[in-house]
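*Asks:* Just the structure for this:
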Amino acid sequence: MPNQTFFNLPKEKRELLIQSAKKEFSRVPLSEASIANIIKSAGIPRGSFYQYFEDKEDAFYYILEEQMKLHHQFFFVALKKKDGDLFESFIDIFQHMLKEFKNQENIDFFRNVFLNMNYKMESKFTQGFNKNSFDEQFSNIIEDIDVKKLNISNNEEVAHVIKIIAAVTTNNLMQYFAKKVSYDEALKNYTLEINLLKKGLYKESE
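*Replies:* Below is the predicted model of the structure:
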């Protein structure tokens, strides 16, 4: 997380610094990103950068987390719009993210994320879809999910179902960037996998 001095900045200066950092992280992967480029674009001294962030990783993960918060909020809206259908809500957010990635700055940033994915990046990406993140608001979220449509026994199992779908979502987004497939093909592949999860794979013997 940024230092408090970052949040004390006027909104315009915070936004300029974030846009400058995102521009650099869109240009190259995190490992190759240059603080010199960020501060040059933001028009601040190097010392000021370290008053706001510990290092470039701190800035990168803050931006990634803020981006994912927006997508998680969209997911909660989709749950209400889809009458609590968990699978349709994930398809909705997948479509939403693909459309967001059509913006050149977004596609470059997330391409560098997904093509250089590590455990920490994946954790940030799925943070809003794991039980630890849900603990504070899980009771509210569970009310929006139509659990009658799910073959589950308790809330613990709901959390694991969400975790599984989130993992499938992450993998499909990685494939979207790695294979450079079209929007239609990416959506078709994702919908197929979600529907397989939805109906299950184990065939009961007659």
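
*Asks:* Quick one: low-confidence residue ranges for this structure.
*Replies:* The chain contains residues with pLDDT under 70 at 126-140, 204-206.

*Asks:* Show me the helices in it, by range?
*Replies:* 4-7, 11-27, 35-42, 46-52, 56-81, 86-100, 104-114, 119-126, 131-134, 138-144, 155-179, 183-199 (DSSP state H).

*Asks:* Those into TSV, with extra columns for mean neighbour count?
*Replies:* The C-beta positions use only the backbone N, C-alpha and C, and glycine is treated the same way. Listed next are those as TSV, based on neighbours: other Cβ atoms under 10 Å:
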stretch	mean neighbour count
helix 4-7	13
helix 11-27	17
helix 35-42	17
helix 46-52	16
helix 56-81	17
helix 86-100	19
helix 104-114	18
helix 119-126	15
helix 131-134	14
helix 138-144	13
helix 155-179	17
helix 183-199	14
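
*Asks:* Count the neighbours of Tyr202 for me.
*Replies:* 4 (other Cβ atoms under 10 Å).

*Asks:* how close does it get to Ile44?
*Replies:* 58 Å (Cβ to Cβ, to the nearest Å).

*Asks:* who's in contact with the closest residue to Phe53 other than its chain neighbours?
*Replies:* Nearest residue to Phe53 in three dimensions, chain neighbours excluded: Ala59, at 4.5 Å (Cβ to Cβ, 6 or more residues apart in numbering). Applying Cβ atoms under 8 Å, 6 or more residues apart in numbering to Ala59 gives the contacts Pro2, Ala21, Ile38, Tyr52, Phe53.

*Asks:* what residues are up against the first one?
*Replies:* Shown here is Pro2, whose contacts under the criterion Cβ under 8 Å, 6+ apart are Tyr52, Phe53, Asp58, Ala59, Tyr62.

*Asks:* right, and the first one touches Leu9 too?
*Replies:* Yes - at 7.5 Å, Tyr52 counts as touching Leu9 under the criterion of Cβ atoms under 8 Å.

*Asks:* Residues that sit against both of those two, list them.
*Replies:* Shared contacts of Tyr52 and Leu9, defined by Cβ under 8 Å, 6+ apart, comprise Leu17.

*Asks:* ok, now how distant is the closest residue to Ser31 other than its chain neighbours from Ile107?
*Replies:* Spatial nearest neighbour of Ser31, chain neighbours left out: Asn116 (7.1 Å); criterion: Cβ to Cβ, 6+ apart. As defined by Cβ to Cβ, Asn116 lies at a distance of 15 Å from Ile107.
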